[in-house]
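> Fold the following and give me the result.
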Amino acid sequence: MLAAADRELKTAGDSTKIIPGHGPLATKADLKAYRDMLAAVSGRIAAQIKQGKKLEEVVASKPTAQYDAKWGRASSPDKFVEMLYGNLKK
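Modelled structure (predicted):
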């Protein structure tokens with residue numbers, strides 16, 4: 001998802017309208033904010049995996065907390081962390 005957002009940011013112009021999978025039309029700035037959230041949360045989870053933390057510990061640390069008000073409505077923040085943990089653990 002992060003790589004896809006990076007690719008789209010390279011091709012999108014400032015007036016480009018982006019049709020997300022969920023929610024209203026978005027702008028390049030909206031996509032950049034989403035990409036930055038993905039990078040921050042992924043980095044937090046990857047760091048905890050490197051420390052040897054188990055999934056339950058990572059979920060309990062609430063690595064998405066600062067983004068939950070904006071991004072946590074589309075899916076459960078805990079489920080999102082579980083998905084990222086599984087992908088990053090591979």
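
> for the most centrally placed residue in the chain, what are its contacts?
Nearest residue to the geometric centre of the chain (Cα atoms, centre = their mean): Leu38, 2.6 Å. By Cβ atoms under 8 Å, 6 or more residues apart in numbering, the contact set of Leu38 is Met1, Leu2, Ala5. Backbone N, C-alpha and C define where each C-beta goes, glycine included.

> Out of the residues you listed, name the ones that lie in helices.
Using DSSP state H, the members of the contacts of Leu38 that fall in helices are Leu2, Ala5.

> which of the contacts of Leu38 count as buried?
Ala5 (16 or more other Cβ atoms under 10 Å).

> before we move on, back to that, buried set for whichever strand or helix holds the residue nearest to the centre of the chain?
Assigned by DSSP states H and E, Leu38 belongs to helix 28-50. Residues of helix 28-50 classed as buried by neighbour count (16+ other Cβ under 10 Å): 28, 31, 34-35, 37-38, 41-42, 44-46, 48-49.

> I'd like the average pLDDT over the following helix or strand past that helix.
Once the chain leaves helix 28-50, the next helix or strand it forms, by DSSP H and E, is helix 55-60. For helix 55-60, mean pLDDT rounds to 98.

> Against which helices or strands is helix 55-60 packed?
Judged by 3 or more Cβ pairs under 8 Å, 6 or more residues apart in numbering; DSSP states H and E, the packing partners of helix 55-60 are helix 28-50, helix 77-89.

> wait, which of those helices is closest to Pro20?
Among the helices and strands packed on helix 55-60, helix 28-50 comes nearest to Pro20, with 8.0 Å by Cβ to Cβ.

> and the angle for that closest one with helix 77-89?
70 degrees (axes from the mean of the first three to the mean of the last three Cα atoms, to 10 degrees).

> Using PDB, write out every CA atom in helix 28-50.
C-alpha atoms of helix 28-50 as PDB (Å, rounded to 0.1, in the frame of the first residue of the first chain):
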ATOM      1  CA  LYS A  28      -3.000  14.800  -3.600                       C
ATOM      2  CA  ALA A  29      -2.600  16.300  -0.100                       C
ATOM      3  CA  ASP A  30      -5.100  13.800   1.300                       C
ATOM      4  CA  LEU A  31      -3.100  10.900  -0.300                       C
ATOM      5  CA  LYS A  32       0.100  12.300   1.100                       C
ATOM      6  CA  ALA A  33      -1.400  12.400   4.600                       C
ATOM      7  CA  TYR A  34      -2.600   8.800   4.200                       C
ATOM      8  CA  ARG A  35       0.800   7.700   2.900                       C
ATOM      9  CA  ASP A  36       2.500   9.400   5.800                       C
ATOM     10  CA  MET A  37       0.200   7.700   8.300                       C
ATOM     11  CA  LEU A  38       1.000   4.300   6.700                       C
ATOM     12  CA  ALA A  39       4.700   5.000   6.900                       C
ATOM     13  CA  ALA A  40       4.600   6.100  10.500                       C
ATOM     14  CA  VAL A  41       2.400   3.200  11.700                       C
ATOM     15  CA  SER A  42       4.400   0.600   9.700                       C
ATOM     16  CA  GLY A  43       7.600   2.000  11.200                       C
ATOM     17  CA  ARG A  44       6.300   1.800  14.700                       C
ATOM     18  CA  ILE A  45       5.200  -1.800  14.200                       C
ATOM     19  CA  ALA A  46       8.400  -2.800  12.500                       C
ATOM     20  CA  ALA A  47      10.400  -1.400  15.300                       C
ATOM     21  CA  GLN A  48       8.400  -3.500  17.800                       C
ATOM     22  CA  ILE A  49       8.800  -6.600  15.700                       C
ATOM     23  CA  LYS A  50      12.500  -6.000  15.700                       C
END
